[in-house]
Each structure stands twice: as C-alpha cells, then as structure tokens.
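>>> this one's sequence-less:
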C-alpha cells in the first residue's frame, strides 16, 4: 500500500464512518474499482481507531462527564438516576449485543460477508429500512428521554453494522428513529455507543500491524487522515440533521447499490 492509496482510504473512512452510508462497504468498493488490493477487514477495524479518536475529542466533555458521574454513582445512590450515570450503563450494556455477535460470526464477517453482491443488496435494503424509519419517525424524544430498554434496542440495531454495507451509524440512527427520537438525539447516542465496540475491535486487530498482515506506514497514514476527516464529518452531520432528514442518504445508498449490481452483472468489478 503506497501513500496515495493510504490517503484515499483514510479519506473514505473519515467521510463515510459517521454518515449512514457504510464505511465498510466503501472501503471494499473503492479499492476494487481502482484495481487495488483489498486492504482487508483488519485494516478497516484499525483505521476506525482514527475516527473513534475524532469522536473522543469532539465529545470529550460529554464522555468525561458520563464516565465520572457513572463511577461516582456506584457509591452515591443519589446520582444513579442522573442522565450521565444512566448513559454510562446504556452505552456499556448496549455494546454487549454487537460484541457477542461479532465474536460468534467473526469468520463470516471477515470472509464471505465481504462479497460485493452482499454489500450491494445490504446498501439497498438498509437504505429502504432507513426510509421506513423516516416515515414512521415521531421525533418527539430527546437524548434525556433515553432508557435502558431503548439503549439495548438501539444496541441490537448496531449488530446489523457487522454486515458490510449496513453502516453502524445508519443502523443505530434507524433504531433511534423507530423509537421516536429526534435525528440529532439518535445520532448523538449512535456516536457514543460506537466507541466501546469500535475501540475494542480496532485494538484487537492492532496486533496484526507490522506482522506482515497490515503495513505499518500505510495503516498509520490512513488512520491519521481518517481522524482529521472524521472530525469534520461529525460536526457537519450533527448540524445537518437538525434541519434535514436522512433522505439524501437513502437515495445515495439505493443508487450506489443499484450501480454496484450493474457493475457486478457486467463483470466490470469482481465480487470478491
């Protein structure tokens, strides 16, 4: 992997990680369209650490407040009903479903699921599910209305992100919309919920850097670029969702999935 390839893949990761259009699918599609070697699932997991660093920095005040309040609530009963203390539990417990499913199906996720036929179908199907969520959304609930049941349900939706083409943010925002939350509230919880799962996955795959499985320089460049671009993407998306729906992403997903099906049927791009 050369500098240009690493930079391009870092930009792709940073742009698509937080938009509901699937970073994993784009990190599969772009290299194959450009006739580059597939960087692999481990590369995707590691450079996601860059975008997670962007989340940590963008939400650092919220994260510190949540962690400290949650820890203090273990000893102070009066704090246990505080939103920050509850949010600590919701994020932690909401991470369990995706962690368990990821471990059980890790072989399929890193192998057969990376087929572009599957990705094309998932882009379209999950785009239409997001469309239904937009139609059904009441958008009356804010982040302060979050409870354990909803946190776990949205955590369950995050499991869909294990299928390339689904989108972590798209899946969890969809779950939030179905439960009546505003787009911005669903996106905020989506970002916070993604931190434990993505960090744990990235650190687990980090062991492969330098052992021949992942290039040290290329992975480092892509991770750094994904951090810079990812930070800008978070800021833009949160502002965008205050006044706009997710319909533009639905159109994009369906169009991209359709184009990908056409390219695959024509033999212009390899499925694996």
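Nice, thanks for sending it over. Small disclaimer: the values here were computed from a predicted structure and weren't measured.
>>> so where do the helices sit in this structure?
3-16, 23-33, 41-58, 60-73, 83-94, 96-104, 106-110, 116-136, 148-158, 168-178, 183-205, 216-243, 247-266 (DSSP state H).
>>> counting contacts, what elements does the first one pack onto?
Read it as helix 3-16. In terms of contacts (3 or more CB pairs under 8 Å, 6 or more residues apart in numbering; DSSP states H and E), helix 3-16 is packed against helix 23-33, helix 41-58, helix 216-243. Yep, even glycine has a C-beta here, placed from its N, CA and C like the rest.
>>> Just the residues contacting the first one, thanks.
Helix 23-33 is contacted from outside by 5, 8-9, 12-13, 15-17, 36-39, 43-44, 48, 51, 114, 116, 119, 122-123, 161, 164-168, 256, 260, 269-270, using CB atoms under 8 Å, 6 or more residues apart in numbering.
>>> Now the buried members of the residues you listed.
5, 8-9, 12-13, 15-17, 39, 43-44, 48, 51, 114, 116, 119, 122-123, 161, 164-168, 256, 260 (16 or more other CB atoms under 10 Å).
>>> List the residues that contact residue 247.
131, 134.
>>> switch to 7 Å and redo it
For residue 247, the contact set (CB atoms under 7 Å, 6 or more residues apart in numbering) comprises residue 134.
>>> If I look at it, what pLDDT would I see?
Looking at residue 247, its pLDDT reads 92.
>>> got it, and residue 116?
91.
>>> phi, psi of the residue nearest to it when sequence neighbours are not counted?
Spatially, and ignoring its direct neighbours in sequence, residue 116 is nearest to residue 271 (4.6 Å; CB to CB, 6 or more residues apart in numbering). With angles defined as degrees, to the nearest 10, residue 271 sits at phi -70, psi -30.
>>> Mind pulling up the pLDDT for residue 271?
pLDDT at residue 271 comes out at 80.
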